[in-house]
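Colleague: test case, fold it:
(one chain, ligands or ions: 1)
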Amino acid sequence: MIYNFDELIDRKNTSCVKYDALKKYFGYEDLQPLWVADMDFKTPDVIINAMKEKAEAGLFGYPIATEKTYNLVKSWMKKRHNWDIDTSWINFVNGVVPAYSAAVEAFSEEGDEIIVQTPVYFPLFKHIKSNNRKLVKNPLIEENGYYRMDLEDLKSKISSKTKIFVLCSPHNPVGRVWDKEELEELAKICIENNILMISDEIHADIVFKKFIPLASISEEIANNTLTLNSPGKTFNTAGLNCAYAICKNENLMNRFKNVVEKRGISSVNVFGFVALEAAYEYSEDWLEELLVYLKNNILFTKNYLEKNNSKIDLIEPESTYLLWLSFKNTISDYNKVKQKLLEESKVALNEGSSFGLEGKGYFRLNCALPKESLEKALCKIVTKF
Ligand SMILES: Cc1ncc(COP(=O)(O)O)c(C=O)c1O
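Modeller: As a prediction, this is how the structure comes out:
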């Protein structure tokens with residue numbers, strides 16, 4: 001290993017949500033934070049150095065994406081995901097969530113229905129509501145610790161008001177990397193019913209099996225899909241607010257761009273572009289090592305729970321560093337579980353029910369941290385459950 005993911009970095013008092021907002025969100029200051037989806041590792045040096053160079057040049061006027069920026073996104077999609085995209089399909093925005101919210105406005109009317117697969121990354125609910133659309137749930141099915149889609153339920157939930165299906169791919173928090181067959185079947189249903197698909201692929205690079213971008217499957221699917229992505233999760237640069245939408249369908253892209261302009265969310269931070277370029281051009285080897293480290297942390301957690309005969313069950317993820325832990329066999333009162341995690345284990349995990357009621361009984365643990373810190377956290381949790 002060239003890169004040191006074991007380095008212990010004190011993130012407290014660095015103005016980061018994960019460490020500095022514990023009191024605000026959990027009511028306690030002295031917790032080990034295992035919640036927000038960013039990593040306790042430093043961004044690769046090559047990105048830091050590119051940003052330093054930009055800072056030293058002292059010019060921070062309005063930036064634009066250059067031909068190089070577009071080409072790097074295109075080559076990244078090709079080499080990581082075997083997806084050929086065109087420059088005209090890419091539109092930069094200041095975040096996946098703002099872009100998602102804009103897409104909801106662009107592709108539906110007030111009162112229309114939007115389907116999501118719960119349990120899922122919760123801001124996806126919020127922006128359906130804030131746009132005055134109706135949230136319709138198509139819950140995932142869990143069988144023996146593995147989640148799959150319920151397409152029969154999906155069909156039964158479609159009405160004349162259904163305009164958008166939101167795919168989280170790979171899925172946060174259950175960690176699925178959807179198979180080609182699942183995606184094809186899903187897309188068939190959406191296309192037959194005139195339902196546009198928004199595919200949030202922000203976790204696409206952090207995968208432990210082959211990831212297939214939804215829109216790469218066929219021309220027909222590409223013409224019905226708006227894909228959202230960003231280097232933010234992959235290279236731990238979420239705070240730089242640089243993301244992009246990809247859409248082959250010119251008409252859809254124009255509708256999306258109109259709302260992006262109206263909302264003023266097209267301007268990316270000057271360092272956002274610098275980081276994206278350094279990431280996609282020079283940081284692939286860092287990503288390869290990160291994936292090995294994360295996979296080890298996941299297996300370490302699995303073994304730790306098994307070794308200690310823990311009643312906590314890990315849903316082993318195919319992607320992301322977010323571990324979906326079932327506490328269903330521990331204490332039946334989930335408020336008590338929450339209280340014990342906070343007051344006795346002294347750890348901050350995301351509560352499963354915040355991802356939709358289907359997440360009740362689960363907690364999400366972020367394992368993107370040095371193994372030494374992960375072991376401490378697991379010890380504090382396992383001794384109490
Ligand atoms: C599925 C998913 N989409 C979007 C985001 C956030 O994207 P952004 O910070 O670019 O708005 C996250 C962050 O955790 C996520 O898990």
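Colleague: Asn241 and the ligand: what is the separation?
Modeller: For Asn241, the distance to the ligand equals 7 Å [Cβ to the nearest ligand atom, to the nearest Å]. The C-beta positions use only the backbone N, C-alpha and C, and glycine is treated the same way.
Colleague: show me the helices in the stretch 1-150 of the chain, by range?
Modeller: In the stretch 1-150 of the chain, the helices defined using DSSP state H, counting those that start in this stretch lie at 17-20, 22-26, 45-57, 67-81, 96-107, 123-130.
Colleague: for the longest one, packing partners?
Modeller: In other words, helix 67-81. Secondary structure elements in contact with helix 67-81, counted by 3 or more Cβ pairs under 8 Å, 6 or more residues apart in numbering; DSSP states H and E, are strand 90-93, helix 270-282.
Colleague: rewinding a little: what's the most buried one of the helices of the stretch 1-150 of the chain?
Modeller: The highest mean neighbour count among those, using mean count of other Cβ atoms under 10 Å, belongs to helix 96-107: a mean of 23.
Colleague: I'd like the average pLDDT over that helix.
Modeller: Taken as a whole, helix 96-107 has a mean pLDDT of 98.
Colleague: go on, stretch 36-44?
Modeller: In this model, stretch 36-44 has an average pLDDT of 98.
Colleague: let's have the helices and strands packed on helix 67-81 in JSON lines, adding distance to Trp76, mean neighbour count and mean pLDDT.
Modeller: Supplementary listing: the helices and strands packed on helix 67-81 in JSON lines, determined by distance: least, Cβ to Cβ, whole Å; neighbours: other Cβ atoms under 10 Å; pLDDT from 0 to 100:
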{"stretch": "strand 90-93", "distance to Trp76": "11", "mean neighbour count": "22", "mean pLDDT": "98"}
{"stretch": "helix 270-282", "distance to Trp76": "4", "mean neighbour count": "22", "mean pLDDT": "98"}
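Colleague: coming back round to it: same list, the helices of the stretch 1-150 of the chain, but as a markdown table with distance to the ligand please.
Modeller: Converted to a markdown table, the helices of the stretch 1-150 of the chain look like this (distance: least, Cβ to the nearest ligand atom, whole Å):
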| stretch | distance to the ligand |
| --- | --- |
| helix 17-20 | 11 |
| helix 22-26 | 15 |
| helix 45-57 | 16 |
| helix 67-81 | 15 |
| helix 96-107 | 3 |
| helix 123-130 | 7 |
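Colleague: do stretch 300-320 and the ligand meet at all?
Modeller: No. On the criterion Cβ under 6 Å from any ligand atom, stretch 300-320 is out of touch with the ligand, staying 7.7 Å away.
Colleague: kindly apply the preceding question to stretch 252-265 instead.
Modeller: No. On the criterion Cβ under 6 Å from any ligand atom, stretch 252-265 is out of touch with the ligand, staying 10.2 Å away.
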